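> Structure, please.
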Amino acid sequence: MKPVLIICFFCFSLVSVYAQTVVVVEQGQKTSLRGLSMPTASVVWASGSNGMVAKSVDGGSTFRWMRVEGYAKRDFRDIEAFDSSTAIIMAVDTPAIILKTTDGGLTWRKVFEDPRPGMFLDAMDFSGNKGIVIGDPINGKTFMAVSSDRGDSWTPIETIDTMMDGEAFFASSGSNIKLLGHKRGFKALFVSGGVQSRLFYNGKAINLPLQSGRNSTGANGLALHPNQEQGIIIGGDFANDKRRDSAILLFSLYPKVTFSQPVKPASGYKSAAVFLSKTRVLACGTSGIDFSVDGGFNWKNISNLGFHVAVKSPDGQYAVMAGSNGRIAKLRF
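Sure thing, here's the model as predicted:
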């Protein structure tokens, strides 16, 4: 009798997890949202094309939309926020710029600009006051700049990472670089895509067993486990987003970098993923939303709605996703 009860309870638990409802709270704006940041349980910032930024102060239930003055034609592919007043947005292509607001988005000041031909910023990440931004190769080398004052100033740094022809970084969700915190010595971890897809860490570039060979293939982003010792790499082929194989990869950093494939893959191409707990993981992309309850080894599609980026609320109660046509949704778990 007891084994039956255990099995039934386990099955009920799986059903309750996978039965979560995706609630769309915003849509219809003429913007593709790829930047998303949630500094507190009540504050959410989003950024996207056509110079658009959105902010919520009620946990993502409602949003106030704003167009950044003087930048109506720019595409803000990533945003990093510190509170309801302070946020940083990144416009990708020539000239590559970073803007900062300290008054809730009423005004923005330029804190970084690089007008060189070929400049294309892809993603930012912060750990405390320290930040890093990564861009496509310039003269065959990865572009990076760092900040130690919450993005008030940025300093380009020389990198040793030589990129292959056809290899670059996708600006699909602002998640292809992670700045490991103080315990890890503020090390950068990032992934490339395109003809070749690699993981860069500790001065090493490691080939990834992901879809590759085309400009539309490869790694799009990273999701770090709460212990910052392991995580998930997501991607695939955005030009063939229903292809399921080699689109998600699990990795461990310690004691050495190792990889493993999911047992049951996700439903196709994914541009972002986030750990909701030590074992629950959410992944989204144009192929829909997938959920894992075992750290990414087995995936189940829970919605066909497409989204580009996802974040978890700091209180661990829900996730927020954003995508094309100004679509923003919440998933409570």
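
> per-residue confidence for residue 58?
pLDDT recorded at residue 58 is 96.

> So that it lines up with my notes, have the first residue be 309 from now on.
That works, and once the first residue is 309, the last one we named lands at residue 366.

> Which strand or helix spans the closest residue to it other than its chain neighbours?
Distance criterion C-beta to C-beta, 6 or more residues apart in numbering; nearest residue to residue 366, sequence neighbours excluded, is residue 350 at 6.3 Å. Backbone N, C-alpha and C define where each C-beta goes, glycine included. Here residue 350 sits in a region with no helix or strand, counting by DSSP states H and E.

> how many neighbours does residue 350 have?
For residue 350, the tally of surrounding residues (other C-beta atoms under 10 Å) stands at 16.

> That one and residue 334, how far apart?
Counting by C-beta to C-beta, to the nearest Å, the gap from residue 350 to residue 334 is 16 Å.

> Ok, residue 588 next?
Distance, residue 588 to residue 334, by C-beta to C-beta: 24 Å.

> Contacts only, for the residue nearest to residue 366.
364, 365, 366, 367, 392 (C-beta atoms under 8 Å, 6 or more residues apart in numbering).

> Residue 443 too?
Residue 443 sits in contact with 404, 427, 428, 429, 430, 450, 451, 452, 477, where contact means C-beta under 8 Å, 6+ apart.

> let's see it at 7 Å
Residues in contact with residue 443 (C-beta atoms under 7 Å, 6 or more residues apart in numbering) are 404, 427, 428, 429, 430, 451.

> same deal with residue 515?
Residue 515 neighbours (C-beta under 7 Å, 6+ apart): residue 506.

> And it, what's its pLDDT?
At residue 515, pLDDT is 96.

> For it, list each beta-bridge partner.
Bridge pairing for residue 515 (DSSP bridges) gives the partners residue 506.

> how far away is it from residue 454?
Computed as C-beta to C-beta, the residue 515 to residue 454 distance reads 26 Å.

> Repeat that for residue 367.
Distance, residue 367 to residue 454, using C-beta to C-beta: 32 Å.

> Name the residue in those two with the higher neighbour count.
Neighbours per residue, other C-beta under 10 Å: of residue 367 and residue 454, the larger number sits with residue 367, 19 against 16.

> how near is that one to residue 352?
Relative to residue 352, and taking C-beta to C-beta, residue 367 is found at 7 Å.
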